[in-house]
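Asks: 3D, please:
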Amino acid sequence: MLNFLVKTLANAGALAVAIWLVGGITLSGDSTAKKAGTLLVVALLFGLVNFVVKPLVKLLTLPLFILTLGLITLVVNALMLMLTSWLADQFDLSFHVDGFWTAVLGGLIVSVVSWALNVALPDGD
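Replies: Here you go, the predicted structure:
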């Protein structure tokens, strides 16, 4: 349970950094508490997308991973961020990613920051 909480908080922190650095990724709300709550829900959605959809997409695009020496990971991460944005819209959450190239930059930032936070934060294992 602690591991799940740490990964969700790392995702929330990474998404917050991406929102702060990339102009095309937005999170809106009436108050700071509402923004924080929305960010946590979006982090849960992002974690769910990465847990369920990403392995399937990686398996289906395995030849592209080999052909591009892993650079297709940037595209897969961007697609996962765009899917999270679409799901957030379906659940009436105020999180939005403007376009593909914004998602590529945001996915890169989320990956690097999430990795750094997962290294720095303790896990429950």
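Asks: now the strands for the protein?
Replies: Listed in chain order, the strands of the chain (DSSP state E) span 25-27, 95-97.
Asks: helices or strands next to the first one in the packing?
Replies: Under the contact criterion of 3 or more CB pairs under 8 Å, 6 or more residues apart in numbering; DSSP states H and E, the helices and strands touching strand 25-27 comprise helix 2-21, helix 32-60, strand 95-97. C-betas here are computed from N, CA, C, even on glycine.
Asks: in the last one, what's buried?
Replies: Which is strand 95-97. Of all the residues in strand 95-97, those buried under the rule 16 or more other CB atoms under 10 Å are 95, 97.
Asks: quick one: strands adjacent to it?
Replies: Each strand paired with strand 95-97, and its direction, by DSSP bridges: strand 25-27 (antiparallel).
Asks: pLDDT on the partner strand, on average?
Replies: Looking at strand 25-27 alone, the average pLDDT works out to 93.
Asks: for residue 49, which of the strands of the chain is the nearest?
Replies: Closest to residue 49 of the strands of the chain, according to CB to CB: strand 95-97, at 12.4 Å.
Asks: now what about the closest one, what contacts it?
Replies: Defining contact as CB atoms under 8 Å, 6 or more residues apart in numbering, one finds that strand 95-97 is touched by 24-27, 38-39, 42, 81-82, 84-85, 88-89, 103, 106.
Asks: in the protein, where is pLDDT below threshold?
Replies: Within the chain, the ranges that satisfy pLDDT under 70 run 123-125.
Asks: residues in contact with the residue located most distally from the centre of it?
Replies: Distance to the chain centre peaks in the chain at residue 67, reaching 24.8 Å (criterion: CA atoms, centre = their mean). Under the criterion of CB under 8 Å, 6+ apart, residue 67 has no neighbours.
Asks: tell me which of the helices and strands packed on strand 25-27 sits most buried.
Replies: When the helices and strands packed on strand 25-27 are scored by mean count of other CB atoms under 10 Å, the highest mean neighbour count falls to strand 95-97 (a mean of 22).
Asks: sorry, back to before: and the contacts of strand 95-97, which two are the farthest apart?
Replies: Farthest pair in the contacts of strand 95-97 (CB to CB) is 38 and 103. Separation: 18.5 Å.
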